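need a structure here:
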Amino acid sequence: MSSIDLESISEATSGAIGAVLSTTILYPLDTCKAKYQAEVRSHGQQKYRKLSDVLWEAVSTGQIVSLYQGLGTKNLQSFIAQFVYFYGYSYFKRAYQVKYGTKSIGTKANLILAASAGACTAIITQPLDTASSRMQTSAFGRSKGLWAMLTEGSWSEAFDGLGISLLLTSNPAIQYTVFDQLKQKLLDGKLKKAGNGTSPESLSAFSAFLLGAISKSIATVLTYPAIRCKVMIQAADSSDDDAKENKKKPRKTLMGVLDAIWKREGIFGFFKGLQAQILKTVLSSALLLMIKEKIAATTWVLLLAVRSYLVVSQGRLKGPAKR
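Residues are numbered from 1 along each chain as shown. Purely as a prediction, here's the structure:
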C-alpha cells in the first residue's frame, strides 16, 4: 500500500465529488447556455436573442424537466474528468517536486503540468463530453440516451471536438495555476499574521469561492472563442422534422464553424454567450473548489483509515503463514 499515492487520490476524489455537486446544482443554467451558444444566426433570424429565451421556451412548452436532459451523462463525465485531472495534476506536481527537490513550482512549470493533466483528461472523457453536449442541445424532450448518442455515428464522431478540447487544456491550466498562486499567497499572508510557524491547511469557504471565481473568469475570457466553436461542433442538429433528421448531414469542422460565425455574426459572434459562460463556469468552478477544499481533509482521513485497515488485514493474513 505504500506505493499508492494517497495524497493524489485524496485530491482527485474530493475534486470529483465537488464537480458532480456543482454540475448538478447549475445544470439548468448549463443547458440554457449550451443551446444559446450552439445557435448561429441564419438570414438575420435567430431563435434565441438572449439566454432567458431558452428558459422561457422550456417553461412555455412545459418542458422544464428537459433542462436536465443529459444530467447523468454530464455527471459521469464530470466525475471521471475531474478525478483524472486532479489525480494527474497532483501526481505531476509531486513528481516535479521530488525530481527537483523543491516545494515551490514556478508559473511556467505549473502551466505545463496542468496542461498535461488536462490533455490526459480530454482524451479519456471526450466521447462522454460529446454525448452530453448533444443531449443538452437536442430539442427539449427529444434527447436520446447515452448509448444511442455514442453509437449513432462512427466511432471517430464520438471524438468530435477533441482537437479543440486539447487546445482548451489551457483553460484549466490557467485557472488552477492562478488559483494555486493566489491560494499560496493568501496562506502565506495568514502564516505571517499567525506567527506560530504553522501553515493553515485549507482556505475558508468564502476565500476558496472568491479565488475560484477570479481564476476561472480570467481563463474563460482568454479561451472563449474556442469554447463556442467546440459547443457548435458537438451540438445536435436542430430539426423539428423527422425527414430532415434522417438525412445524412456533413460533419462539422472547425473551419466550417469559424466560417459560419464570421459570415453570419461577425467578429462579435465569437463572443456570443460570453456572459452566460462566465456566469456558469465561474459559479461552477467556485463551487467545485469550495466543496473540494472543505471535504479534502475528510477524504484524506478516510483514505488513511482505509489504508490502516488494509495494512492490519494483510498483517493478520501473513501471520499464520509464517508459522
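
flag the shaky bits of the stretch 101-250 of the chain, pLDDT-wise.
Of all residues in the stretch 101-250 of the chain, those with pLDDT under 70 make up the ranges 194-202, 238-249.

ranges for the helices of it?
Using DSSP state H, counting those that start in this stretch, the helices of the stretch 101-250 of the chain run over 107-137, 146-151, 162-167, 170-194, 205-234, 242-246.

run through who's touching the third one.
When contacts are taken as CB atoms under 8 Å, 6 or more residues apart in numbering, the neighbours of helix 162-167 outside the stretch itself are 119, 122, 123, 126, 129, 226, 229, 230, 233, 254. C-beta: built from backbone N, CA, C; applies to glycine.

out of these, which are buried?
Among those, those scoring as buried are 119, 122, 126, 129, 226, 229, 230, 233, 254 (criterion: 16 or more other CB atoms under 10 Å).

which residues sit against the host helix or strand of residue 259?
Taking DSSP states H and E as the definition, residue 259 sits inside helix 254-265. Here helix 254-265 makes contact (CB under 8 Å, 6+ apart) with 40-42, 163-164, 228-229, 232-233, 250, 269-270, 272.

the helix or strand just after it to helix 170-194, inter-axis angle?
For helix 254-265, the following helix or strand on the C-terminal side (DSSP H and E) is helix 274-322. Using axes from the mean of the first three to the mean of the last three CA atoms, to 10 degrees, one finds that helix 274-322 and helix 170-194 are set 70 degrees apart in direction.

and helix 274-322, what does it pack onto?
Using 3 or more CB pairs under 8 Å, 6 or more residues apart in numbering; DSSP states H and E, the elements in contact with helix 274-322 are helix 6-38, helix 205-234.

run the angle between the last one and helix 6-38 for me.
The one in question is helix 205-234. If you take the same axes, to 10 degrees, helix 205-234 sits at 50 degrees to helix 6-38.

which among the contacts of helix 254-265 end up buried?
Buried subset of the contacts of helix 254-265 (neighbour count, 16+ other CB under 10 Å): 40, 41, 164, 228, 229, 232, 233, 269, 270, 272.

dump those residues into JSON lines; add distance to residue 54 as well.
Converted to JSON lines, the buried ones among the contacts of helix 254-265 look like this (distance: CB to CB, whole Å):
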{"residue": "40", "distance to residue 54": "15"}
{"residue": "41", "distance to residue 54": "15"}
{"residue": "164", "distance to residue 54": "23"}
{"residue": "228", "distance to residue 54": "15"}
{"residue": "229", "distance to residue 54": "19"}
{"residue": "232", "distance to residue 54": "15"}
{"residue": "233", "distance to residue 54": "19"}
{"residue": "269", "distance to residue 54": "18"}
{"residue": "270", "distance to residue 54": "20"}
{"residue": "272", "distance to residue 54": "13"}
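
what is the nearest of those residues to residue 177?
Distance to residue 177 across these (CB to CB) is lowest for residue 164, with 20.3 Å.

and the gap between that closest one and residue 120?
Separation of residue 164 from residue 120 (CB to CB, to the nearest Å): 16 Å.

contacting residues around residue 18?
By CB under 8 Å, 6+ apart, the residues touching residue 18 are 82, 287, 288, 289, 290, 291, 292, 295.

and the two most separated of these?
The most widely separated members of these, counting by CB to CB, are 82 and 290 (14.0 Å).

about what we covered before: residues of the helix holding residue 259 that come out buried?
Neighbour count says helix 254-265 has 254, 257, 260, 261 buried, by 16+ other CB under 10 Å.

possible to save these as JSON lines with distance to residue 306 and pLDDT?
Below are the buried residues of helix 254-265 laid out as JSON lines (distance: CB to CB, whole Å; pLDDT from 0 to 100):
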{"residue": "254", "distance to residue 306": "45", "pLDDT": "87"}
{"residue": "257", "distance to residue 306": "47", "pLDDT": "91"}
{"residue": "260", "distance to residue 306": "52", "pLDDT": "90"}
{"residue": "261", "distance to residue 306": "50", "pLDDT": "91"}
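
could those go into TSV alongside distance to residue 217?
Listed next are the buried residues of helix 254-265 as TSV, based on distance: CB to CB, whole Å:
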residue	distance to residue 217
254	25
257	25
260	27
261	23
